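Colleague: I would like to see how this sequence folds:
(one chain, ligands or ions: 2)
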Amino acid sequence: MTDKPRKTQPLPDSEARQSLEKNLQAPSHPDMIGRFHVKRRLGEGGMGIVYLADDPDLHRTVIIKVIRDERAHDDHFHKLFRREAELAANIDHPNVVKIHEFDADNLVLVMEYVSGGNLKQLLSTRGALDTDKALHIVAGIARALDAAYEHNIVHRDIKPSNILLTRDGEPKLADLGIAKRIRQPGTQSTLTGDSPGTPGDSGRERQRYQW
Ligand SMILES: Nc1ncnc2c1ncn2[C@@H]1O[C@H](COP(=O)(O)OP(=O)(O)OP(=O)(O)O)[C@@H](O)[C@H]1O
Ligand SMILES: [Mg+2]
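Modeller: Ligands and ions are numbered 1, 2, ... in the order given. The predicted structure is shown next:
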C-alpha cells in the first residue's frame, strides 16, 4: 500500500516557531516538535537542524528537519516551499527518502529515518569503496533522480551527505525538492525554471559526477 503523505498535523504555531528558532542556536534539543517526541539532535547542515524523534501516533522513529532560514516569515517563500515539498512528498521510490509530513508555514519537514548513516561518513571512515559497492550506490541514486524528474523535480545538490544508507547498504537520496530552493533564493523554481529532465539539467548532475 502506498504510504501517502498525511495531511499536516498542527506542528508549531508561530510562537512555537520562534522558540524553535532559539533552539537552532542551542546544542540542546526541544522535548517536543508538534506531536513528535524529540530524542536527539542528529546534526546540522546548511539548511537547518535535523532531529531524531518518535511519532507517538504511528509508533515509528522519524527525522524532523527544521529549516533555518531568514525567510521563515516570508509568505512567497512558504508558497514555493509548500509546492516543492508537495511534489517531493508524492515520490514513492525505494531510493528516495520519504517525506511523511511537512509544515510549510513553519518550514518543518518530517521524514523517513534512514539508519545506516550517510555516504560522506562511510567514505571518511572506510575510505574508497570497492567498485561493486560504488556502482550499486550510483545506480540507486540514478534511479532516484529519474523518479524525481518524473515528478518535475531537479535536485541540484547531489553530494555524499545527501546520500543516506540503510543498514543493508541501500542508498536513498535525501533533501529532494528543497535543496535548491533554500540555497539559491534568487533562482527560479524547478517548476518555472529550466524544464526538468532536460539535457541541460540532468546533464549538469551527470557531468559533475561523471555518470
Ligand atoms: N532522513 C534521514 N535519516 C537519517 N539521518 C538523516 C536524515 N536526514 C538527514 N540525516 C542526517 O542528519 C545530519 C544533518 O543532515 P543535513 O541534511 O542537515 O546536512 P547536510 O546534508 O550535511 O547538509 P545540507 O543542508 O546541505 O543537506 C546528517 O548527518 C545526515 O546524515
Ligand atoms: Mg542533507
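
Colleague: make it CA atoms for all contacts and neighbour counts henceforth
Modeller: Will do.

Colleague: Can you tell me the element residue 94 falls in?
Modeller: When elements are assigned from DSSP states H and E, residue 94 belongs to no helix and no strand.

Colleague: That one against residue 172, yeah?
Modeller: Yes - using CA atoms under 8 Å, residue 94 makes contact with residue 172 at a distance of 7.1 Å.

Colleague: joint contacts of those two?
Modeller: Residues touching both residue 94 and residue 172 (CA atoms under 8 Å, 6 or more residues apart in numbering) are residue 144.

Colleague: Give me the more crowded residue out of those two.
Modeller: Neighbour comparison, residue 94 and residue 172: the larger count goes to residue 172, with 24 against 15 (by other CA atoms under 10 Å).

Colleague: Make sure the more buried one is indeed in a strand.
Modeller: Yes - counting by DSSP: H, G, I helix; E, B strand; the rest coil, residue 172 falls inside a strand.

Colleague: partner residues bridging it?
Modeller: Residue 172 has these beta-bridge partners by DSSP bridges: residue 164.

Colleague: for the helix or strand hosting residue 139, packing partners?
Modeller: Assessed by DSSP H and E, residue 139 sits inside helix 131-150. Packing partners of helix 131-150 (3 or more CA pairs under 8 Å, 6 or more residues apart in numbering; DSSP states H and E): strand 171-173.

Colleague: Is the strand it packs on positioned near ligand 1?
Modeller: No - Strand 171-173 stays clear of ligand 1 (CA under 6 Å from any ligand atom), getting no nearer than 8.7 Å.

Colleague: Residues touching that strand, excluding its own?
Modeller: Residues contacting strand 171-173 (CA under 8 Å, 6+ apart): 94-97, 114, 137, 140-141, 144, 162-166.

Colleague: so which of those are also by ligand 1?
Modeller: Answer for the contacts of strand 171-173 near ligand 1 (CA under 6 Å from any ligand atom): 114, 162.

Colleague: And the contacts of strand 171-173, which of them are buried?
Modeller: Buried residues within the contacts of strand 171-173, counting neighbours by 16 or more other CA atoms under 10 Å: 95, 96, 97, 114, 137, 140, 141, 144, 162, 163, 164, 165.

Colleague: What does the third one show for phi and psi?
Modeller: Same thing as residue 97. phi -60, psi 120 (degrees, to the nearest 10).

Colleague: For this protein, which residues are neighbours of ligand 1?
Modeller: 42-50, 63, 111-115, 117-118, 161-162.
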